[in-house]
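Novice: Take this sequence and fold it.
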Amino acid sequence: MAKVGFIGLGNMGLPMAQNLLKADFAITGFDLNAQATEKLAASGGRGANSLADACKDAEVVITMLPAGEQVREVYLGDGGVLAAVAFGTLLIDSSTIDVKTARDVAQAAQGQAFAMVDAPVSGGVAGAEAATLTFMVGGDDDAFERARPLLEKMGKTIVHAGGPGNGQAAKICNNMILGASMIVVSEAFLLAEKLGLDAQKLFDISSKSSGQCWSMTSYCPVPGLVPTSPANRDYKAGFTAAMMLKDLKLAQAAARATHATTPLGAGAAAVYERFVESGDGSVDFSGIIRYLRGA
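Specialist: Predicted coordinates:
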């Protein structure tokens, strides 16, 4: 199997790398947090002591980083990925970042004859652990086909969204829908409560009719209605409110850059910003119902 360098072993990156290990890929991982690197080594991978060490002899390099600033630095900085990898290495960035950065980095990679895809994910930590993530992939056809076998070991749904940056475009559009829908589902349950309508009754009706959506049926913000929902675990995060705010801000930046009209997306970003500023950035984004109840 291919030798893979994996850079960024956080809540998402580590289980993704562990799933590649289970599929018999040889993984060398690096993270600024030494404990994360140690966890990979305990799972059967090799812990690298530097970015360059993770890239050495790698046939594929995968990155899962917090933001566009880190992606630029890791790929384009002195001693970064483009300087460290051998000719022919496939580059996969699964970070969620702005479209411009994704396209700039892809252009720099292509300028040095490296194949690269942007492949952000949906599915949260649970999806990363279960290898059921959805990958939204931007890049040319050849790069996508090279990346597909690895992505299939970490995810369930792999979609080629088009050229470089289109994976990021799909991710921010999807999460704008998700953020706005979670708010309105929460609002509906809180209104039902004030009207004397039982939450189970509303769920039984809306989950089978025109109000049905993922935020209702898979991630319901009301405890006791959907067994897998974080609401049943005091909103312990699968996807934090701070990460949702990050994605909503990326969507708004893209909307401004392209002169797209997104009033509901802008409203969702404003609500999540107030939620995070209240001190709840580390709770699951479905915990927005708690903020709305208090507000």
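
Novice: Tell me which stretches of this protein form strands.
Specialist: 3-7, 26-30, 46-47, 60-63, 90-93, 115-118, 121-122, 133-138, 155-162 (DSSP state E).

Novice: These: lowest mean pLDDT?
Specialist: Mean pLDDT is lowest for strand 121-122 out of the strands of the chain, coming in at a mean of 92.

Novice: same for that strand, what does it pack against?
Specialist: strand 133-138, helix 166-194 (3 or more CB pairs under 8 Å, 6 or more residues apart in numbering; DSSP states H and E). All C-beta spots, glycine's among them, are computed from the backbone N, C-alpha and C.

Novice: Need the ones you listed in a markdown table (columns: distance to Ala54 and mean neighbour count).
Specialist: A markdown table is the format used below for those (distance: least, CB to CB, whole Å; neighbours: other CB atoms under 10 Å):
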| stretch | distance to Ala54 | mean neighbour count |
| --- | --- | --- |
| strand 133-138 | 21 | 25 |
| helix 166-194 | 22 | 21 |
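
Novice: lowest-confidence helix or strand of this protein?
Specialist: helix 124-130 (a mean of 90; mean pLDDT, DSSP states H and E).

Novice: So which residues make contact with that helix?
Specialist: Contacts of helix 124-130 from elsewhere in the structure, counted by CB atoms under 8 Å, 6 or more residues apart in numbering, are 11-12, 15-16, 19, 121, 132-134, 154-156, 228, 237-239.

Novice: Buried only: go through the residues you listed for me.
Specialist: 11-12, 15-16, 19, 121, 133-134, 154-155, 237-239 (16 or more other CB atoms under 10 Å).

Novice: Nearest to Phe203 among the residues you listed?
Specialist: Phe203 has its nearest neighbour among these in Gly238, at 19.7 Å by CB to CB.

Novice: ok so, going back, if you count neighbours, what's buried in the least confident helix or strand of the chain?
Specialist: Gly124, Val125, Gly127, Ala128, Glu129.

Novice: and Val159, how many neighbours?
Specialist: 16 (other CB atoms under 10 Å).

Novice: Quick check: it touching Met136?
Specialist: Yes - using CB atoms under 8 Å, Val159 makes contact with Met136 at a distance of 5.7 Å.

Novice: can you list residues touching both of those two?
Specialist: Ala170.

Novice: Perfect, I'm done here.
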